[in-house]
Each structure stands twice: as structure tokens, then as C-alpha cells.
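Asker: Dropping a prediction and its sequence here:
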Amino acid sequence: MVMPAGMDRSLVTKRVVEQFGEALLDAYTCKGETTLIVEKDSIVEVCRFLVGDVQFDFNFLTDIAGVDYYPRVPRFEVVYHLYSIAKKNRVRLKVNVGEGEKIPSVTPVWRGANWAEREVYDMFGILFGGHPDLRRIYMPEGWEDFPLRKDYPLRGYKDEYNPYGEERK
Amino acid sequence: MDENEEVISTREMTLHMGPQHPSTHGVLHLVLDMQGEKIVKASPDIGYLHRGTEKIAENLLFTQFVPYTDRMDYMCAMTNNLAYVQAVEKLLGLELTERGKYVRVIAAELSRMAGHLVAVGAWGLDLGAMTVLLYAFREREKILDLFEMLCGSRMTLNYLRIGGVRYDITEAFKKKCLDFVLDFPQRVDEYERLITNNRVWLKRNKGVGVITADDAISLGLTGPSLRASGVKWDIRRDEPYLVYDRFDFVTPTGENGDCFDRYMVRVREMRESAGIVEQALKGLPEGPVNVDMPEIVPPPKKDVYKDMEALIHHFKYVSHGFKVPKGEVYSSIESPKGELGYYIISDGSEKPFRVKIRAPSFVNLQSLSHLCRDAYLADVIAIVSSLDPVFGEVDK
């Protein structure tokens, strides 16, 4: 595939475009950090490729973060930070996810993604398909809402334990 | 039937360890499925100390969040401050002053020593070696005294600020700190004399909780726990921040990836940290510690009382904060527990849009179930201590 004009020129972007073409939606480098925005369904393949590629060797999953851009559609973004212990490089992958949509879990690539994805689920309610044990991790099991969503009030909702919370609409 | 031929049947039982157990370093709740004395499965249950730090951050000015980072890994608050302010500075595109960088290195390395002292001391206590805790806390007390000289507080320091540090270090601090770090290696020798070759210590740590390098990387282990498995990865060396590239230090690694190697890595790291502080104190350049930007660094308090301009700056700083350009950064440091990273998104306002904290204790704790497989119940205590989780950071 020919690289679209104006797209990021870093080496990793070039390789991912070669390999995945349309699945790479956008890429940019800012403050020395390369970000690739990837099609939701191909995130596992892109991760596998970046782990296995001898040139990059992104063998370490640093973290997975959720971001809520409410009221934008699609609402959420899931951000993966990858690191190569051998090459000392970092790359950031992003996936856009709508409310109630499922994205594939990267636990088959890194076992360490387990808790990170559970945390994203717990805080944002983003579902990971194929996750071995998608339970809440910080909040109690019976909790109904997802606290890090932008429409969740800072003091929570009012109930018998939380008299200072906001009234539910 | 002969007594020896009697069939002893055991059935699996579930044991809850914590969250109020003295050896779980806080509020760790472990659900242990056991077959006799052996662990079949260990599932950590966390969240008892969850305070929603990331949600709080979104509702505060960039400057106001610094004290909250102290409460993450409260055993070594300086490194927490450092990781956060460094991420904000990267977003702002700030270049620190030379002296500011050196002062930060000194603060961070003292904090690392304080953190490892608790790790080793509490570990000893958990395995029945109480003396080493008392010895380790004797030195930790001296470090806390030094912190008190630096900024007036001992545990939750709030010393590093965006653009520099709150107070410059004094000659008296320099002298006392130098005396301490020159004396410190002999004190580490004392701990080592107590436990390193102690037969009980060896029996309970050697070959216990073994993890290979590949498993450790897959599970996301970082810091001393990963280096004990033989992976030589130290962010201070591999992606140098501040002025770490100017100092002479080695990154200790282990071979077997067991509890004992994790102990040895920490002990050797303490010695290296003392060396770094000594070099930083001796090479400390003159000059200002803060960048010269009144909207980002508040003026010294004594100026606020007598200078109108300073008062205005101070008022603006406290009431409005400052705008941070739109963008996103990930910045990480080598904290005593591992890679401590902050992913900050700014929408161009005075408050962060999103702060994601990559807490090393949280990620390291995940490997607990892997480490505990086929271990004995008593080994679980050693394994938890060897990971050195701090629950302010695990539960955020």
C-alpha cells in the first residue's frame, strides 16, 4: 500500500502500513512518541506482529489505558503502551471503541494484559472479547457504574452509604 | 489394616489470607486454594484501598495533584513526585536547571534507599528475623531526618514541583547527607551479616518463587523483581532522565529469579544508590533550582510577603494554575518497585483531561499466582515480601 500523504514517516509506521495497510487508520509522532491508531479488530494481529518482528521486538506491554471522550462517537479509546527491552524503543497503539462494543483481548499475546484489561473494564465498562476472567478489579463486585467515565460524578451517586453524592437522573 | 497402609485422603480447601494479615504489607487479600500444605491456586483480591486517584486528578489543577502522588507509594514518595512532575514537564516542554536536576537525583535516590530498607526490613520481619527490621529502620529514620531538613515533612513530601523543587538544599543538608551516604555501605554490611548467609533465610528464600525471564516479561514484571530473573533493564540507564547518564553505577541482576535473588538485587541497589547520591553531592553545580517562569514556579514565600509582583504571581498560581498545551505524553522512571509511568492527556486547559498511572506494584502483584504455584503456604509470605507491593500504589 502507498503511504497516505501527510502520514507519519517513522520506521515502525512504515512497517505496519506495509503489513496491515488499511487496518492502520492514522499515525503521528509527537514529542518523540509514535502513536498508531489501529482498526479495532486487528489489534491482536498488530501486537503479535510488533512482538515477533525482529527489527522492533516490542516484547513488553507497559500498560493499557482507557480514555473517555464523551460525548464524542465512538466514545472510548483504549491505549496500549509497548516497549522493546532490547531496542529501548516505545510505541503507542490506539483503538477507538464505541459504547457497548467489544474489542479483542491481547491476553493471548501477553499474560500481563489480564489485570490491565480488567482495570479498563472496571473503570470504563469496555468489554474485552476472549479475556479469561473479565471481572471488576478495584470496585466491589456488585457495583453498577463505571467511575472513570466522564459523565460519572466526582462524588458518585447518592445512596445509603454516600449521602453527599449526586442524585441519579 | 497396617497403620502405614492407611490411605490419607486430603481435599482441597480454600484459605483466605488477609486483608488483615500482618505479612501482607497492607490490605492484600489472597484467596488460596490448597491441597494440604501446597498451593494449587493463589488469587489476589485487591481494591480495599481504592481512592479513585485518577478521577481526582482529572478534577484538580496540574499543580494540585503533586501531593496526591505522595500517597501512591508512600514508602518512597520522592520517586512518585518525580514521575508525575516529569510527565507534566515533558508536556510543557520545560528544560530544568542543572542544579534542579542534581537535587532531584539526590532526592530520588535517597527515596529508593528508604523504600528498599522497608522492603528488606519488613521481609525479614515476615520470615521471623526481627532484628534486621530494627536495623533497617534505624537508617530509614536518618533518611527521613534528611527529608525533614529538605522540605519539613518526612513521609508525604510534596517536595518536587513542576519546574523544579520547593526548596534549595542547604550546606547543612549537604554535609549531613554526605556523612550518611559514606557511612551507609557499612550499615548494609551489617544487614548482610545478619541475614544473607543465615541458614533459615537461605532455606526460606533460595529456590522459592522462581520465575523465568520470559514469564516475567510476559507478566509485565519490572524493577528489581525482573532484574532478579536476569533481565538487565533499568530505565535510569536505558532511557536516561535527569542526569543519570553522568553517574557511575552498575545495574545489579540475579540469575535464578527466586526470592533470594530479588533480595540480593535490592541490597546491591541500595549500595549503588548511596554511590549515586555521593557523586551527585560532590558534583552539585551552583545556580537556581527552579526554572525562571513565574507562571509555573511560585515565587519564594518571603518575597510574597514584601513584593507586590510576587504576591500577584503567587495568587495567580494558586487560584488559576497554568494552562498546559494540548497533547499527550507517556513518561516513566525507575522507581524502587519498577517502572512507574504517567500517561497524561491535556486538552489545553489547567486541568489534565486524563491521567493514567502505571503503578509498578499493581503490575508486579499480578505475577503472584504464577509465583505461588506449587509453593507451600509458608512460602507465600516470602513471595509476597519479595515482590514488595505497597498498597497505596496497587489500589490507586
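Answerer: Nice, thanks for sending it over. Computed from a prediction, not measured in an experiment: that's the story for all the values here.
Asker: Would you mind measuring from whichever residue of chain B sits closest to chain A to A:Trp110?
Answerer: Per CB to the nearest CB, B:Gly220 is where chain B lies closest to chain A, at 3.1 Å. Backbone N, C-alpha and C define where each C-beta goes, glycine included. For B:Gly220, the distance to A:Trp110 (CB to CB, to the nearest Å) stands at 7 Å.
Asker: Phi and psi next, for the closest residue to the residue of chain B closest to chain A other than its chain neighbours.
Answerer: Spatially, and ignoring its direct neighbours in sequence, B:Gly220 is nearest to A:Gly112 (3.1 Å; CB to CB, 6 or more residues apart in numbering or on different chains). The phi/psi pair for A:Gly112 (degrees, to the nearest 10) reads phi -70, psi -10.
Asker: check contacts around A:Gly112.
Answerer: Residues in contact with A:Gly112 (CB atoms under 8 Å, 6 or more residues apart in numbering or on different chains) are A:Leu61, B:Ser218, B:Leu219, B:Gly220, B:Leu221, B:Val363, B:Gln366, B:Ser367.
Asker: Might one say that the fourth one is in contact with B:Gln366?
Answerer: Yes. With the criterion set as CB atoms under 8 Å, B:Gly220 and B:Gln366 qualify as a contacting pair; they are 6.5 Å apart.
Asker: between those two, which one's more packed in?
Answerer: The residue with more neighbours, out of B:Gly220 and B:Gln366, is B:Gly220; 27 against 22, by other CB atoms under 10 Å in any protein chain shown.
Asker: Now do the same contact list for the residue of chain B closest to chain A.
Answerer: A:Phe60, A:Leu61, A:Thr62, A:Trp110, A:Gly112, A:Ala116, B:Val363, B:Asn364, B:Gln366, B:Ser367.
Asker: out of these, what pair is the most spread apart?
Answerer: A:Thr62 and B:Ser367 (15.2 Å; CB to CB).
Asker: From the contact counts, what lies against whichever strand or helix holds B:Phe184?
Answerer: Assigned by DSSP states H and E, B:Phe184 belongs to helix B:171-195. When contacts are defined as 3 or more CB pairs under 8 Å, 6 or more residues apart in numbering or on different chains; DSSP states H and E, helix B:171-195 sits against helix B:98-126, helix B:130-151, helix B:259-282.
Asker: so which of those is the most packed in?
Answerer: Greatest average neighbour count among these goes to helix B:98-126 (a mean of 25), per mean count of other CB atoms under 10 Å in any protein chain shown.
Asker: any chance you could map the strands in chain A?
Answerer: In chain A, the segments counted as strands under DSSP state E are A:24-30, A:33-38, A:60-68, A:76-84, A:89-97, A:102-104, A:127-129.
Asker: Run me through the strand neighbours of the first one, direction for each.
Answerer: If you go by DSSP bridges, strand A:24-30 pairs up with strand A:33-38 (antiparallel).
Asker: With the fifth one instead?
Answerer: Counting by DSSP bridges, the strands paired with strand A:89-97 are strand A:33-38 (parallel), strand A:76-84 (antiparallel).
Asker: So which of the ones you listed is the most surrounded?
Answerer: Most buried of these, by mean neighbour count (mean count of other CB under 10 Å): strand A:76-84, with a mean of 22.
Asker: tilt between that one and strand A:60-68?
Answerer: Comparing the axes of strand A:76-84 and strand A:60-68 via axes from the mean of the first three to the mean of the last three CA atoms, to 10 degrees yields an angle of 160 degrees.
Asker: Looking at chain A, what residue ends up closest to chain B?
Answerer: Of all residues in chain A, A:Gly112 sits closest to chain B, at 3.1 Å by CB to the nearest CB.
Asker: Check what pLDDT that residue gets.
Answerer: At A:Gly112, the pLDDT value in this model is 89.
Asker: circling back: by mean pLDDT, show me the worst of the strands paired with strand A:89-97.
Answerer: Note on the strands paired with strand A:89-97: strand A:33-38 shows the lowest mean pLDDT, a mean of 89.
Asker: Please enumerate residues in contact with it?
Answerer: Outside strand A:33-38, the residues touching it (CB under 8 Å, 6+ apart) are A:8, A:10, A:12-13, A:16, A:20, A:23-29, A:46, A:90-96, B:328-330.
Asker: for the residue nearest to B:Leu49 when sequence neighbours are not counted, what are its contacts?
Answerer: The shortest distance from B:Leu49 to any non-neighbouring residue, by CB to CB, 6+ apart, is to B:Asp395 (3.8 Å). Listed by CB under 8 Å, 6+ apart, the contact set of B:Asp395 reads A:Tyr138, B:Val27, B:Ile46, B:Gly47, B:Tyr48, B:Leu49, B:His50, B:Arg51, B:Phe362.
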